[in-house]
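Q: below is the sequence, then the predicted model.
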Amino acid sequence: MSTRAKDFAMLDVLVVGGGYVGLSVAVAIKQAAPHLNVEVIEAAPETAWTKDPRASAIIAAATKMLVVFGLWDRIQPDAQPINRMIVTDSKTSDPVRPVFLTFDGAVEDGRPFAHMIPNVSMVAALRDACATAGIVIRHGLRATGFRDTGPSAELTLSDGTTVAARLVVACDGVRSKLRDLAGIKTVTWNYNQSGIVTTVEHERPHEGVAEEHFLPAGPFAILPLKGNRSSLVWTERTADADRLVASDDLVFEAELERRFGHKLGQIRATEDRRAFPLGLTLARAFVAPRLALAGDAAHGIHPISGQGLNLGFKDVAALAETVVEADRLGLDIGSLTVLERYQTWRRFDTFRMGVTTDVLNRLFSNDSTPVRVLRDLGLGIVDRLPSLKGYFIREAAGTSAGGAPRLLSGQSI
């Protein structure tokens, strides 16, 4: 180990990144193995998370994990169930948008296939769970160096200190610095699209209905929130998205109304709009000696299916189960032999979802009439086959696959 001053003793697990995924990894491991010393470092200031106006779609399997954490009763009052989803395919100028596909939102036990949850509600609950479990979160720190020393990994931090841990978990986003420091390469693709994110208020209630309008520039998703509010994920070509975000309120709301329609009455954007570049990023490896990638550090996909964050929750459940079971067997939790089980568990599902979203985006984000006819025919066929619709909704909810990690089935590790 380095001879420089250290703020930390030897840790069992160090999580880099204090968002949804990083905090969930820490809670999942610590609750199942309280004797392990788990800490989190986060680059953002301590109160930055309280200013996040966004909300996220959390699938049914992930809510089961939150039940195991003991957090769902706290989060649920802020969570809006998605009771139904409709899919349309049209041009922006079309006066009528025919519905080609509808999904009822309920899966097993009448549980909605997803909920919309404000980011601040989720992070607040996870941070409190960390405090209860004795997990320290240290803010304003970034990883600037990573070295496998054999029995541990040594991480150099942005304040010049170093810390050693048996296992380091990178949850520091799609542009993960820690992934780069470990020499893990990625496959990347830029879609030349950006997702505009904002929240709107509307006159009439949404009844828990989510809508995805496939438009030539990309999908326009309307996701219900508590009250007469909805969260938008509005995909446009990057140049157009930048223009819209920079435009005045009158221009922005006029363009918004053209896409949103009038079924919910008058609409008004209530949050600052922001645009995020969209692309496909898949890590060539999810693990290295003493290191595991989780969440966007391992994979960044198009939001067309709303599964990006939920892939991260699947990583959480699989990694926690791998680490805790290895610890119970007396194995080295940071060894490549142990971590390979996690990689095998998660890589195929992630690759499949990355390819699926890539194909869907290319199929629906164009204005080719022959392609449009074929895709609408396909949507119509799915809509008329209840068994196929049921399969897709279970896939979306994360409840269809056998061999899922225990946390996603509502079981403790």
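A: Perfect, thanks for sending it.

Q: of all residues in this structure, which one is nearest the centre?
A: Geometric centre of the chain, nearest residue: Leu309, 1.0 Å, by C-alpha atoms, centre = their mean.

Q: list phi and psi for it.
A: Backbone geometry at Leu309, expressed as degrees, to the nearest 10, gives phi -60, psi -40.

Q: what about it, distance to Thr132?
A: Using C-beta to C-beta, to the nearest Å, Leu309 is found at 23 Å from Thr132. Using the backbone N, CA and C atoms, a C-beta is placed for each residue, glycine as well.

Q: state which strand of this structure is the longest.
A: Longest strand in the chain, counting residues (DSSP state E): strand 186-202.

Q: can you list the low-confidence ranges for this structure?
A: For the chain, applying pLDDT under 70 flags the ranges 1-9, 90, 92-100, 105-106, 108, 366-369, 371-373, 375-397, 399-402.

Q: now the helices for it?
A: Under the criterion DSSP state H, the chain contains helices at 20-32, 60-69, 72-75, 119-133, 177-181, 238-246, 249-260, 308-328, 336-364, 369-383, 386-397.

Q: would you mark the buried spots in the fourth one?
A: Looking back up the chat, that one is helix 119-133. 119-127, 129-130 (16 or more other C-beta atoms under 10 Å).

Q: residues in contact with it?
A: Contacts with helix 119-133, where a contact means C-beta atoms under 8 Å, 6 or more residues apart in numbering, come from 19-20, 23-24, 26-27, 30-31, 34, 38, 40, 49-50, 52-56, 58, 66, 69-71, 74-75, 78-79, 137.

Q: the second one now?
A: Here helix 60-69 makes contact (C-beta under 8 Å, 6+ apart) with 24, 27-28, 31, 58, 72, 75, 107-108, 111-115, 125-126, 129, 310, 313-314, 316-317, 397-399, 404, 407-412.

Q: tilt between it and helix 119-133?
A: Taking axes from the mean of the first three to the mean of the last three C-alpha atoms, to 10 degrees, one finds helix 60-69 and helix 119-133 inclined to each other by 30 degrees.

Q: output helix 60-69 as PDB, nothing but the C-alphas.
A: Backbone C-alpha positions of helix 60-69 (Å, rounded to 0.1, in the frame of the first residue of the first chain) are rendered in PDB as follows:
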ATOM      1  CA  ALA A  60     -41.900  -4.400 -10.600                       C
ATOM      2  CA  ALA A  61     -38.800  -6.600 -10.000                       C
ATOM      3  CA  ALA A  62     -36.900  -3.600  -8.700                       C
ATOM      4  CA  THR A  63     -39.700  -2.700  -6.400                       C
ATOM      5  CA  LYS A  64     -39.500  -6.200  -4.900                       C
ATOM      6  CA  MET A  65     -35.800  -5.500  -4.100                       C
ATOM      7  CA  LEU A  66     -36.800  -2.200  -2.400                       C
ATOM      8  CA  VAL A  67     -39.300  -4.200  -0.300                       C
ATOM      9  CA  VAL A  68     -36.400  -6.400   0.900                       C
ATOM     10  CA  PHE A  69     -34.400  -3.300   1.700                       C
END
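
Q: how far is it from where the chain is centred?
A: How far helix 60-69 lies from its chain's middle: 15 Å, per C-alpha atoms, centre = their mean, to the nearest Å.

Q: just the angle for it relative to helix 20-32, thanks.
A: Comparing the axes of helix 60-69 and helix 20-32 via the same axes, to 10 degrees yields an angle of 40 degrees.

Q: in helix 60-69, which residues are buried?
A: For helix 60-69, using 16+ other C-beta under 10 Å, the buried residues are 60-66, 68-69.

Q: which one of the residues you listed is nearest to Gly295?
A: Using C-beta to C-beta, Ala62 is the member of the buried residues of helix 60-69 that sits closest to Gly295, with 12.4 Å.

Q: now do the closest one against Leu71, distance only.
A: 11 Å.

Q: repeat that for Met85.
A: Met85 is 25 Å from Leu71, by C-beta to C-beta.

Q: does Ile222 have beta-bridge partners, and which?
A: Beta bridges link Ile222 to Glu211, Leu232 when assigned by DSSP bridges.

Q: that one: what's it in contact with?
A: 206, 210-213, 230-232, 260.

Q: ok, back up a step: packing partners for the longest strand of the chain?
A: For strand 186-202, the packing partners by 3 or more C-beta pairs under 8 Å, 6 or more residues apart in numbering; DSSP states H and E come out as strand 229-237, helix 238-246, strand 267-269, strand 274-283, helix 336-364.

Q: surely Gln115 and Ile82 touch.
A: Actually, residue 115 is His. It isn't Gln. Yes: if you go by C-beta atoms under 8 Å, His115 and Ile82 touch, sitting 6.7 Å apart.

Q: contact partners for Leu331?
A: 337-338.

Q: an error on my part: the question was meant for Gly208.
A: Counted by C-beta under 8 Å, 6+ apart, Gly208 has contacts 80-84, 105, 112, 224.

Q: if we can go back for a sec, closest one of the buried residues of helix 119-133 to Ile304?
A: Nearest member of those to Ile304, counting by C-beta to C-beta, is Asn119, at 20.2 Å.

Q: can you give me the buried ones in stretch 191-207?
A: The neighbour-count check on stretch 191-207 (16+ other C-beta under 10 Å) flags 191, 193-202, 206 as buried.
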